[in-house]
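# Sequence plus the predicted model coming up.
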Amino acid sequence: MQRLGLFCLFLLSHFSKLTAAVEEFPHGGIHKDPEPDVKKQITPDCYFGTSEILKIPQTHQWGFSWYSVAMPIFREPISGIQIGLGSTWINPNNESINEKMKEIARLCKYSGVLNEPSLWVQFQSMEGSLGWWTHTKFPAIMPKYKLDSWKNFYTYSVSSPGFNVYDGSKPFPLSQGSLGPIYLSNRILIPPDGMPTTKSSSGGMLGVAWYPLRISKEWSDDSGNTWTVFFNSKNFKGPLIFHSKEFWQDYPSPKDAKNKYGLDCQAAVIRTMASEWGTVPFKKLTDSNGVVWSKIPAISFPTDSDGRTVLVRDVKAYESAMGDVVSQGILSQKGIDLAAAISRNSVPIPLTANNSPYFQEGKKLEIHQGFNLVTFDNQTAFGFQWDENKAGTQDLPSYFKEEGDSRKPVPESKAPEELVQSRFQAAGDSSFKFETPGWWFNGAEVDPKEYQAELTDKTTVTYRWIRFRDQPAVKALRLTEQQRENLQRTVEKIHRSCAEDIEFMAPPSKGELAEFDPGLLVKPPQGKEVGWVPIIVRQEIVTR
């Protein structure tokens, strides 16, 4: 009888383990806060980044550049995960007037905490990075680059020309008359789902630079900052898009604050370089003994022969004169030594790693097993230093066992089978179609022919060529006919003069350049070589 009772207890225990429910949470798998609200995502889950940057001279707050490393970190893209690789946030330097920012935040209907000391940082921000996003519809193993800018305390966002960052989970075209990024390049496409990189780019450096050019004087008496992004990659170099000064001036404000505090006129700062992990889903199981186990998606990082994973290197800040130099450089290279000007007008920004603790449901998550976040090469780069000094890949821990106030890594072989067999949902929506509204081309001088490009994310991008002055973001400026024509002539000068191989930032101190998907590269049709830009009509997966 005693044996039968023991046998029944064994069966009950075994059955309990087999039927234990695996819970899934959309956020909070690796979190910077001890007590996050994982059901309501307001801020990113966590960052792997540098300490606050405090050594930018006031004279050098008029442009920034850096190199981000393109690398695959997933075996397959995971639904609900959002990870940006190394990048930063460029904000107008309003730290000394944080009280005035409270007043403007109220007018912008900001829903966050008004009394936080860093409220001013959220007023306006130029962002963007290589990475993977929750709203990506056509995910890939290699990261895509997304150009994101936010204003009015994160209540208004723009991404690729003509598209918002997202509305819930769905990016959408900007409404008629809305201000947004203005397409400048006539050599590369900017799909709404992001700009793919190639597999051969793994470990390669993508150079990103933001300079406040002085081209707004072509349509206004006020020569405010025209912040323009430049890339330096293996197969594309040069300016991509710019934000008009009017974009940054478009915020509700008291009369005494109008056009005083935005990126159109203020010096800018960056406070950290980081890899932002916006959302990290996780699964949890409590076994029959009451032990809590958890699991995050499998994430791996490539390493060099010294066991290092570099995220960012060669961060620089620039004097205001750099905007004039680059403005002159894209209009005419005659008599300009850009390399010397970059060296003369820039200072390197030393980096310091920040090994913050991380949490999962209030428990300390011992994620740092086998690596530390450090700086390399005399503080010019930062990333992970792994305990094993060898080239290849290194895995973050995926499985954790709760012990007291901590969740400690365990090998997969020690985790409950139910947790091991549970799967995170694959990302993507192959039926989705990005499509621009017909009004984009109303009254525009536009090529009637539709062109197509096939990308490595398996999508087909359909685009048309439009005269620069007729693109929706330029029309939204509500310029006079003469102002639009002045701007058109300026862009035609840029297209004639800006050579394809000129670099607007110094080359990386180490490593090779990354490469964009060759399908993004375009050539204007005959007769439209200058003054015309490509506008996306559709992006979709076409079944053939």
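Cool, the structure landed. All figures in this text were calculated on a predicted structure; none of them were measured in a lab.
# which secondary structure element contains Trp373?
Careful, residue 373 is Leu; it's not Trp. strand 371-376 (DSSP states H and E).
# Next: Phe301.
Assigned by DSSP H and E, Phe301 falls in strand 300-303.
# Which strands border the helix or strand just after that strand, and is each parallel or antiparallel?
Per DSSP H and E, the first helix or strand lying C-terminal to strand 300-303 is strand 308-318. Using DSSP bridges, strand 308-318 pairs in its sheet with strand 64-69 (antiparallel), strand 346-348 (antiparallel), strand 381-386 (antiparallel).
# okay if I get these as CSV plus distance to Ile536, mean pLDDT and mean neighbour count?
Bear in mind the C-beta positions are built from the backbone N, C-alpha and C, glycine included. Output for the strands paired with strand 308-318, formatted as CSV (distance: least, CB to CB, whole Å; pLDDT from 0 to 100; neighbours: other CB atoms under 10 Å):
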stretch, distance to Ile536, mean pLDDT, mean neighbour count
strand 64-69, 24, 97, 26
strand 346-348, 34, 94, 16
strand 381-386, 34, 95, 23
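# among those, which is nearest Leu513?
strand 64-69 (8.6 Å; CB to CB).
# Could you list the residues in contact with that closest one?
85-88, 90, 129-130, 203-210, 230, 232, 268, 270, 273, 309-318, 346, 383, 505-506, 508, 511, 514 (CB atoms under 8 Å, 6 or more residues apart in numbering).
# circling back: which of the strands paired with strand 308-318 sits closest to Val542?
Nearest to Val542, of all the strands paired with strand 308-318, is strand 64-69, at 30.9 Å by CB to CB.
# Distance from the chain centre to that closest one, please.
Distance of strand 64-69 from the chain centroid (CA atoms, centre = their mean, to the nearest Å) equals 12 Å.
# which secondary structure elements does the very next helix or strand once past that strand contact?
Per DSSP H and E, strand 64-69 leads on to strand 82-84 as the next helix or strand towards the C-terminus. Strand 82-84 makes packing contacts with strand 129-132, strand 273-279 when contacts are defined by 3 or more CB pairs under 8 Å, 6 or more residues apart in numbering; DSSP states H and E.
# for the record, mean pLDDT for stretch 473-488?
Per-residue pLDDT over stretch 473-488 has a mean of 91.
# One more: stretch 331-338?
On average, the pLDDT along stretch 331-338 is 71.
# Just the endpoints, please. Distance across that stretch?
Taking CA to CA, to the nearest Å, stretch 331-338 runs 13 Å from one end to the other.
# same deal with stretch 68-77?
Its start and end residues considered, stretch 68-77 measures 20 Å (CA to CA).
# swap in stretch 117-124?
The first residue of stretch 117-124 is 16 Å away from its last residue (CA to CA).
# buried residues in it?
For stretch 117-124, the neighbour count (16 or more other CB atoms under 10 Å) marks Leu119, Trp120, Val121, Gln122, Phe123, Gln124 as buried.
# ok, which stretches of the stretch 351-500 of the chain are helices?
Assigned by DSSP state H, counting those that start in this stretch, the stretch 351-500 of the chain shows helices spanning 417-421, 472-475, 481-497.
# For the strand holding Phe301, which strands pair with it and how are they oriented?
Here strand 300-303 has these sheet partners by DSSP bridges: strand 392-395 (antiparallel).
# Turn the buried ones among the contacts of strand 64-69 into a named ChimeraX selection, would you?
Applied in ChimeraX, the following selects the buried portion of those according to 16+ other CB under 10 Å:
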select :85,86,87,88,90,129,130,203,204,205,206,207,208,209,210,230,232,268,270,273,309,310,311,312,313,314,315,316,317,318,346,383,505,506,508,511,514
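# so what's Arg312 closest to, chain neighbours aside?
Check again: residue 312 is Val, not Arg. Here the nearest residue to Val312 in space, its sequence neighbours aside, is Gly86; by CB to CB, 6 or more residues apart in numbering that works out to 3.5 Å.
# contacting residues for the one you found?
Neighbouring residues of Gly86 by CB under 8 Å, 6+ apart: Trp66, Ser68, Val69, Ser129, Leu130, Met273, Ala274, Ser275, Leu311, Val312, Phe382, Gly383.
# Is Thr24 located within a strand, as I assumed?
Residue 24: Glu, not Thr. Yes. According to DSSP: H, G, I helix; E, B strand; the rest coil, Glu24 belongs to a strand.
# Make sure it is actually in contact with Lys283.
Yes. The pair Glu24 and Lys283 qualifies as a contact (CB atoms under 8 Å) at a distance of 5.1 Å.
# what residues are shared contacts of these two?
Ser422.
# hang on, Ser185 packs against Phe242?
No. Ser185 lies out of contact with Phe242 (CB under 8 Å); the separation is 10.2 Å.
# In the stretch 51-200 of the chain, where is pLDDT below threshold?
Within the stretch 51-200 of the chain, the ranges that satisfy pLDDT under 70 run 165-171.
# For it, which segments are assigned as strands?
Applying DSSP state E, counting those that start in this stretch to the stretch 51-200 of the chain gives strands spanning 64-69, 82-84, 87-88, 91-92, 124-126, 129-132, 144-146, 149-151, 156-158, 182-183, 195-196.
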